[in-house]
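*Asks:* Quick one, what's the 3D model for this:
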Amino acid sequence: MLAVNDTVHYGMDGVCRVTDIVSRKVDGRVRRFYELHPYFRKNIVVFLPVDNDQLLSRVRPVLDKKEILSAIHGINEAECIWIDQENARRETYQLILRSGDHKQLVRLIKTLTERRSSLNEDGKKMRSADSACLKEAERLLHEEFAFVLGIEPDAVPAFIRKNLSEE
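*Replies:* Numbers count the residues shown, from 1 in each chain. Modelled structure (predicted):
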């Protein structure tokens, strides 16, 4: 159960603070919701039903610095997850984004970054859906890393490069 002032990672909304537990009338009945405020998206409020186990499964604790460094040091060993069939790729990658699983996000970012580099070498561009997926995965991971490390999301790639070079 979440409590007011908890900071959690929630699916594609990223790092959020629980600001309240409210009751709202929905479809003729009163339901209770966690009121979440994404840390890096100030104008958004998310209402998460307290009794929806499927949605609550997307809530996890925010990483700590040790977990972030472990994720960074695991980048080179992370297995790529490229899927040739476009529809299956899109569905799989969306599941990864919605899960917010940082290990899967690292694999996804690595996969799409390598794919983009390979296509660029051949004078081609990545499909817009893949590019959008990469951008969203980077946003989720960079925002969480930035929150934990006390830096701006734009500074995360440099932090990652620095820590990879120190391996």
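*Asks:* following the strand ranked longest in the chain, which helix or strand shows up next?
*Replies:* Ordering each strand of the chain by length in residues (DSSP state E) puts strand 14-26 first. Note on strand 14-26: by DSSP states H and E, the next helix or strand toward the C-terminus is strand 29-38.
*Asks:* ok so, going back, average pLDDT across the longest strand of the chain?
*Replies:* The average pLDDT within strand 14-26 is 95.
*Asks:* Spatially nearest residue to the most centrally placed residue in the chain (excluding sequence neighbours)?
*Replies:* For the chain, the residue nearest the mean C-alpha position is residue 140 (3.3 Å; CA atoms, centre = their mean). Once flanking residues are discounted, residue 140 sits nearest to residue 14: 5.3 Å by CB to CB, 6 or more residues apart in numbering. Glycine gets a C-beta too; all of them are placed from N, C-alpha and C.
*Asks:* How about the contacts made by the one you found?
*Replies:* By CB atoms under 8 Å, 6 or more residues apart in numbering, the contact set of residue 14 is 38, 39, 40, 41, 100, 139, 140, 143, 144.
*Asks:* Repeat that for residue 113.
*Replies:* residue 134.
*Asks:* Can you give me the separation between it and residue 72?
*Replies:* 14 Å (CB to CB, to the nearest Å).
*Asks:* can you check residue 52 too?
*Replies:* Residue 52 is 33 Å from residue 72, by CB to CB.
*Asks:* So for the two, which residue has more residues nearby?
*Replies:* residue 72 (20 against 12; other CB atoms under 10 Å).
*Asks:* Show me the contact partners of the helix or strand hosting the more buried one.
*Replies:* According to DSSP H and E, residue 72 maps onto helix 65-73. Defining contact as CB under 8 Å, 6+ apart, one finds that helix 65-73 is touched by 63, 102, 103, 106, 145, 148, 149, 160, 163, 164, 167.
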